[in-house]
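A.B. asks: sequence and predicted structure are below.
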Amino acid sequence: MNISTSTVSTTSSTYPLSTAEIWNHAIQFYAPNQETHHFFNTPWEEVIKHCSNNFTTWIVGTYARIKQAGIPCEIVSHLPAQGIVIADRDSLGNHYPYLPNTLIVCACADREFHPSAYFHIVQNPVALTKKKNALWRPHYIPHWIQPNLIPRSAERGDRVENVAFIGTRSNLAKEFSSETWLQGLKDIGCNWLPIFEPERWSDYSNIDVVVAVRDFSGSPHDHKPASKLVNCWSASVPAILGPESAFVSLKKSELDFIAAHSIEQTLSEIKQLKNDPLLYSAMVNNGTTRIAEFTQAQITKRYTDFFGNYVFPEYDQWLARSDNSLNIDRAISFSKRYARLKSDRLKARLARTLKE
């Protein structure tokens, strides 16, 4: 499934990156907790090492990168009465102000949309294919690549001994603590090395294969990103993953990742990688090629294209029009988003009640 980042071409920016003086709007980064403001003066690689969350990933990380690209950036503790603001969904919280002269861009991560935001950055491109999401004006921009990532040691060659999961315990299917899994790995001469501690998530040096499956339910997990796959490409480690929509949307060949549908099949795939050095090397080499799509320069360009082609032109139109009809249009649009949020939450509560 190949999904474009938008229905409108973003091959060139209205505001070219090479001429920073053309960026005639500052982007205001929303940081309501002033105790976090020192993050913006600290190398992002150090920030993320000690504090990894939606705010540091989407706001602090993006500030560091696009400011370096020459876009004027400011840090604000309160939502301003006018201007362009980018905020993560957690920071916006459950307060829904109507700010007719403030164009808010919300970085959703795996959260819900926010009614006060005019644009939304989503981390899974499948969000663009759902007609119901058009109200929220979603734009797909991938995560920044994992900083400080230590790739697999070249000295390990094509051996397959250490199988790892990297992430939070709650995102690993319960079947991976079963005797079937543990004994099955032992029988094919492999070790199980789940890594749950965030401070160790960047070290792939001793890992031969990554296995990451949230569950075997077949759920597409449409709110989740493809970060685990991209990190594996960057680390030169083959990945066996659940068939989540974010992974499937990026898939161009069978070498990108192996989809896991059961414990037994996962064990079989690991055994194949162990017994087929050519397949193992092909997956590693393929990852080296694919990661070129997710470099810092590539993600920075996605942001500059997004702001240059969509956000700044839209805000320019706001400034050029001050008539009542525009104000009414904005108010109606906000009301529709607010009503949709309430409706979606009610449907979700009813669905949970029916399951109980």
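C.D. replies: Cool, got the structure. Note that the coordinates shown come from a computational prediction; the quantities given were computed from them, not determined experimentally. Numbering: from 1, shown residues only.
A.B. asks: spatially nearest residue to residue 277 (excluding sequence neighbours)?
C.D. replies: residue 158 (4.0 Å; Cβ to Cβ, 6 or more residues apart in numbering). Glycine gets a C-beta too; all of them are placed from N, C-alpha and C.
A.B. asks: who are the contact partners of the one you found?
C.D. replies: Residue 158 sits next to 277, 280, 281 when contact means Cβ atoms under 8 Å, 6 or more residues apart in numbering.
A.B. asks: please apply the same query to residue 81.
C.D. replies: Contacts of residue 81 (Cβ under 8 Å, 6+ apart): 99, 101, 102.
A.B. asks: now do 6 Å
C.D. replies: With contact taken as Cβ atoms under 6 Å, 6 or more residues apart in numbering, residue 81 is in contact with no other residue.
A.B. asks: tell me which stretches of this structure form strands.
C.D. replies: For the chain, applying DSSP state E gives strands covering 27-30, 73-76, 83-88, 102-109, 119-122, 138-140, 162-166, 191-195, 209-212, 239-241, 258-259.
A.B. asks: let's have those strands in TSV, adding distance to residue 172, mean neighbour count and mean pLDDT.
C.D. replies: Formatted as TSV, those follow (distance: least, Cβ to Cβ, whole Å; neighbours: other Cβ atoms under 10 Å; pLDDT from 0 to 100):
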stretch	distance to residue 172	mean neighbour count	mean pLDDT
strand 27-30	33	22	97
strand 73-76	36	16	96
strand 83-88	25	23	97
strand 102-109	19	23	96
strand 119-122	24	23	98
strand 138-140	26	23	97
strand 162-166	5	22	98
strand 191-195	7	15	97
strand 209-212	8	25	98
strand 239-241	12	22	98
strand 258-259	16	20	98
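A.B. asks: turn the ones you listed into JSON lines, columns for distance to residue 229.
C.D. replies: Below are those laid out as JSON lines (distance: least, Cβ to Cβ, whole Å):
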{"stretch": "strand 27-30", "distance to residue 229": "28"}
{"stretch": "strand 73-76", "distance to residue 229": "30"}
{"stretch": "strand 83-88", "distance to residue 229": "22"}
{"stretch": "strand 102-109", "distance to residue 229": "17"}
{"stretch": "strand 119-122", "distance to residue 229": "17"}
{"stretch": "strand 138-140", "distance to residue 229": "15"}
{"stretch": "strand 162-166", "distance to residue 229": "12"}
{"stretch": "strand 191-195", "distance to residue 229": "16"}
{"stretch": "strand 209-212", "distance to residue 229": "8"}
{"stretch": "strand 239-241", "distance to residue 229": "6"}
{"stretch": "strand 258-259", "distance to residue 229": "11"}
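A.B. asks: mind checking how far the residue lying closest to residue 87 once chain neighbours are set aside is from residue 311?
C.D. replies: Among residues not flanking residue 87 along the chain, residue 30 sits closest, at 3.6 Å (Cβ to Cβ, 6+ apart). Using Cβ to Cβ, to the nearest Å, we find residue 30 at a distance of 15 Å from residue 311.
A.B. asks: okay, the angle between whichever helix in the chain runs longest and strand 102-109?
C.D. replies: Identified as the longest helix of the chain according to DSSP state H is helix 324-355. Between helix 324-355 and strand 102-109, the angle comes out at 20 degrees (axes from the mean of the first three to the mean of the last three Cα atoms, to 10 degrees).
A.B. asks: run through the protein and note the low-pLDDT ranges.
C.D. replies: 1-23, 322-326, 356 (pLDDT under 70).
A.B. asks: I'd assumed residue 139 was in contact with residue 302.
C.D. replies: No. In this structure residue 302 lies outside contact range of residue 139 using Cβ atoms under 6 Å: 8.7 Å.
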